[in-house]
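In: what follows is a predicted protein model with its sequence.
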Amino acid sequence: MNIRNVLENQLAAKDNIRLNDVDIDPLLIRAIMINEVVPADPAQDFYGSSGEQYLSTSLPLFQKAGLPAENINDILQMGIYITNAVKTPKSGYTVEKESIEESLPYLEKELSLFPNVKVIMLMGDVAKKMFNQIARKTAKRNPIPSGATYKLRATPFYFGDIRVIPSYIMTGGNILIEKSKFSMAAEDIRTMAEIIK
C-alpha cells in the first residue's frame, strides 16, 4: 500500500499537504513514531529522495538505542513507521495553529491504516498535542497529561491497548545540542523496540 495514494484517495488532499510517498504493508507495522513537522524541502523528509536532513539526526538515535539502522528501510524492516504530525512546513519558529488543524484529519486517517500497532511514540510537544486531540474523540480524555516530557516519560500511558510514549523531537539540530534529550529519546526508542519484539 502506498500511504500517500491511500490518503489522497480517502481525503481531498490540498496542494500544500505533504504525505509520505512510501509503499509498505500496514500489517507489518508494530510501532509508529510521530515527528513534529515536514521539512521545507520534501527531499529531506524521512522517505524523500535523500532524507539526509531528517535521517541524519534520527538514525543516531536508533543506533544509540542498540538498533541496527543505517537507512529508513532498516527502520521499516523493524516494523517501525515514522510520520510527521504537521503535514505542511512551518513558516516561522513555531508551528501555526492553522497548520495543526489542517493536518489533523490526515494524521488521524494515517494512524488508522495500521491495525497491529503496539506502540505510538510522540516525538515532541506538537505530536503530543495532536495525538491527544485525535484520541479525545474516542477516549473522551487525553492519553498523555500536561507536563514536562522528562517527568511524563517515566509513566506508562495507554490508548486502548497501545502503549503511548511521550519523547523528544527527533529531527533538526536542537537534539544534537541537548545531549540529555538525545539520550532520553534513545532510551525511549529502546523501550519501544522491546515492546514490539
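Out: On my side now, so go ahead.

In: now do the contacts for residue 164.
Out: 119, 120, 121, 122, 131, 143, 144, 157, 158 (Cβ atoms under 8 Å, 6 or more residues apart in numbering). The C-beta positions use only the backbone N, C-alpha and C, and glycine is treated the same way.

In: no no, residue 135
Out: Residue 135 makes contact with 141, 142, 143, 159, according to Cβ under 8 Å, 6+ apart.

In: how about 10 Å then?
Out: Contact analysis of residue 135 by Cβ atoms under 10 Å, 6 or more residues apart in numbering lists 108, 111, 120, 141, 142, 143, 144, 159, 160, 162, 164.

In: just residue 126 next, same as before
Out: Residue 126 makes contact with 34-37, 84-86, 90, 94-95, 99-100, 103, 169, according to Cβ under 10 Å, 6+ apart.

In: what does residue 100 give?
Out: So residue 100 contacts 37, 85, 86, 87, 88, 107, 126, 129, 130, 133 (Cβ under 10 Å, 6+ apart).

In: looking at the residues you listed, which are in helices?
Out: The members of these that map onto helices under DSSP state H are 107, 126, 129, 130, 133.

In: of the residues you listed, buried ones?
Out: Neighbour counting with 16 or more other Cβ atoms under 10 Å marks 107, 126, 129, 130 as buried within those.

In: still on that earlier bit, most surrounded residue in the contacts of residue 164?
Out: Neighbour counts for these, by other Cβ atoms under 10 Å, peak at residue 122, which reaches 29 neighbours.

In: need the buried ones among the ones in helices among the contacts of residue 100 in TSV with distance to residue 178 and pLDDT, can you?
Out: Formatted as TSV, these follow (distance: Cβ to Cβ, whole Å; pLDDT from 0 to 100):
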residue	distance to residue 178	pLDDT
107	26	96
126	17	94
129	20	95
130	22	96
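
In: in terms of secondary structure, what does the helix or strand residue 82 falls within contact?
Out: For residue 82, the element it lies in under DSSP states H and E is strand 80-86. For strand 80-86, the packing partners by 3 or more Cβ pairs under 10 Å, 6 or more residues apart in numbering; DSSP states H and E come out as strand 31-37, helix 52-64, helix 72-77, helix 97-112, strand 119-123, helix 125-139, helix 179-196.

In: quick one: closest of these to residue 17.
Out: Between residue 17 and the helices and strands packed on strand 80-86, the shortest separation by Cβ to Cβ is 6.2 Å, and it involves helix 97-112.

In: buried among the contacts of residue 126? Need that as a selection in ChimeraX.
Out: Remark: buried members of the contacts of residue 126, expressed as a ChimeraX selection using 16+ other Cβ under 10 Å:
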select :34,35,36,37,84,85,86,90,95,99,100,103,169
